[in-house]
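Colleague: let's see this in three dimensions:
(one chain, ligands or ions: 1)
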Amino acid sequence: MQIAFIGLGNMGAPMAANLARAGHTVTGFDTAAPMPEGVTKAATAAEAAKGAAVVITMLPNGAILRAVADQVIPAMAAGAVLCDCSTVDVDSARAVADQARAAGLDALDAPVSGGVGGATAGTLTFMVGGTDAAFATVKPLFDVMGQKAVHCGASGAGQSAKICNNMILGVTMIATCEAFALADKLGLDRQKMFDVVSTSSGASWSINAYCPAPGVGPKSPADNGYKPGFAAELMLKDLRLSQQAATAADADTPMGALAERLYETFVEAEGGRGSDFSAMLPRFETRHRT
Ligand code: NAD
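Modeller: Numbers count the residues shown, from 1 in each chain. This is a model prediction of the structure:
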């Protein structure tokens, strides 16, 4: 398949390289990053998009996605699919899909979970919004770049699923970290704390699969000096998107709002930028009741 790939950063580069390795013809464009192996460089985003059956974007945010969509949509062949894999706000995802449809194209929002490790290994999970026809066209590419693609509903449904999942993740990670710090102060051994909670009703992915306490549970960024992993500032980005969507949809999300404020303070005022999002545990360790 002829594919254009716009945005070849930490995530996009290994995803595009996997598509090229699987035998697809991949033309790429990025304003700064070099081309990964097997990807032919185009001079502009529009040039990359010309003649492609699928145009994939993997960009930092919704404003940049909208700007790139303005460039590529007029250049795309009739019937082609614009597939955005970035994490962006639900409104931008829907606006870009509407713009594509008005131009006789189809569009998907297909954000991912799995991080750079999953992108490199080809084991991402895609959460997809858009038509059945577009999903069927792009499914073989999702199968190369990932291990699972869930068609969540119409345009915007992929981004909605992603931010709801990550709102739960942010909240459960904070709850897990504050509980570990409390257990420390109560004199409880961390291994015992893990043994009980991971098999009791306090269990969650945050403790069972990604334990924030070093030396306890499965290997996680905590065992590597809290090097990301999933950086605290990316968690903050996703929590902000969840609260933006909650405001637009008039949904009451008090825990999500508090998680956003805590990660904002951690990233912007407490030196958390560049640390894994589970570094909330050392943060709580140093704090006192206020
Ligand atoms: P990144 O900053 O490494 O890559 C983004 C790339 O887009 C950069 O190479 C940049 O030069 C390029 N770019 C910016 N403006 C452009 C333009 N106008 N035209 C073409 N290229 C342009 O970011 P990333 O970590 O690869 O993340 C990409 C997206 O994936 C984000 O939306 C992020 O939230 C999401 N995401 C990231 C992770 C992760 O662990 N890194 C996990 C899940 C989802």
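Colleague: what's near enough to touch residue 209?
Modeller: 218, 220 (Cβ atoms under 8 Å, 6 or more residues apart in numbering). Quick note: C-beta positions are derived from backbone N, CA and C, even for glycine.
Colleague: pretty sure residue 260 contacts residue 240?
Modeller: Yes: the pair formed by residue 260 and residue 240 meets the contact definition of Cβ atoms under 8 Å, at 6.0 Å.
Colleague: who's more crowded, those two?
Modeller: Each of residue 260 and residue 240 has its neighbours counted (other Cβ atoms under 10 Å); residue 260 has more, 24 against 15.
Colleague: now do the contacts for that one.
Modeller: 170, 236, 239-240, 242-243.
Colleague: tell me how many other residues crowd the nearest residue to residue 133 once chain neighbours are set aside.
Modeller: Leaving out its chain neighbours, the residue that sits closest to residue 133 by Cβ to Cβ, 6 or more residues apart in numbering is residue 106, at 6.4 Å. Residue 106 has 21 neighbours, counted by other Cβ under 10 Å.
Colleague: quick one: the helices in this protein?
Modeller: 12-21, 45-49, 62-72, 90-102, 115-121, 132-145, 157-185, 190-197, 205-208, 232-249, 254-269, 280-285 (DSSP state H).
Colleague: show me what contacts the residue of the stretch 1-150 of the chain found nearest the ligand?
Modeller: Proximity of the stretch 1-150 of the chain to the ligand (Cβ to the nearest ligand atom) peaks at residue 9, 1.9 Å away. Applying Cβ under 8 Å, 6+ apart, one finds that residue 9 lies in contact with 30, 33, 58, 60.
Colleague: top of those by neighbour count?
Modeller: residue 58 (26 neighbours).
Colleague: can you tell me the closest non-neighbouring residue to that residue?
Modeller: In space, and not counting its chain neighbours, residue 58 is closest to residue 12: 3.5 Å by Cβ to Cβ, 6+ apart.
Colleague: residues near the one you found, how many?
Modeller: Around residue 12 there are 24 residues (other Cβ under 10 Å).
Colleague: before we move on, what about the one 5 residues further on?
Modeller: Each residue near residue 17 was counted by other Cβ under 10 Å, and the total is 23.
Colleague: can you name the residues that contact residue 259?
Modeller: Contacts of residue 259 (Cβ under 8 Å, 6+ apart): 167, 170-171, 174, 239.
Colleague: ignore the last one, residue 132
Modeller: residue 151.
Colleague: what are the buried residues along stretch 228-248?
Modeller: 228-239, 241-246 (16 or more other Cβ atoms under 10 Å).
Colleague: hey, C-alpha coordinates of it in CSV?
Modeller: What follows is stretch 228-248, C-alpha atoms only, in CSV (Å, rounded to 0.1, in the frame of the first residue of the first chain):
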residue,chain,number,x,y,z
PRO,A,228,10.1,7.2,31.6
GLY,A,229,8.2,5.0,30.6
PHE,A,230,5.4,7.4,30.3
ALA,A,231,6.6,10.9,31.2
ALA,A,232,4.6,12.9,33.8
GLU,A,233,4.2,15.8,31.3
LEU,A,234,2.5,13.4,28.8
MET,A,235,0.1,12.3,31.6
LEU,A,236,-0.6,16.0,32.3
LYS,A,237,-1.3,16.5,28.6
ASP,A,238,-3.9,13.7,28.6
LEU,A,239,-5.5,14.8,31.9
ARG,A,240,-5.9,18.3,30.4
LEU,A,241,-7.6,16.8,27.4
SER,A,242,-9.9,14.8,29.6
GLN,A,243,-10.9,18.0,31.6
GLN,A,244,-11.3,20.0,28.3
ALA,A,245,-13.7,17.2,27.1
ALA,A,246,-15.5,17.1,30.4
THR,A,247,-16.1,20.8,30.3
ALA,A,248,-17.4,20.6,26.8
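Colleague: now what about that stretch, what contacts it?
Modeller: By Cβ under 8 Å, 6+ apart, stretch 228-248 touches 61, 87-91, 115, 159-160, 162-164, 166-167, 169-170, 173, 220-221, 251-253, 256-257, 259-260, 263-264, 266-267, 272-280.
Colleague: and which of the contacts of residue 260 is nearest residue 194?
Modeller: residue 170 (20.5 Å; Cβ to Cβ).
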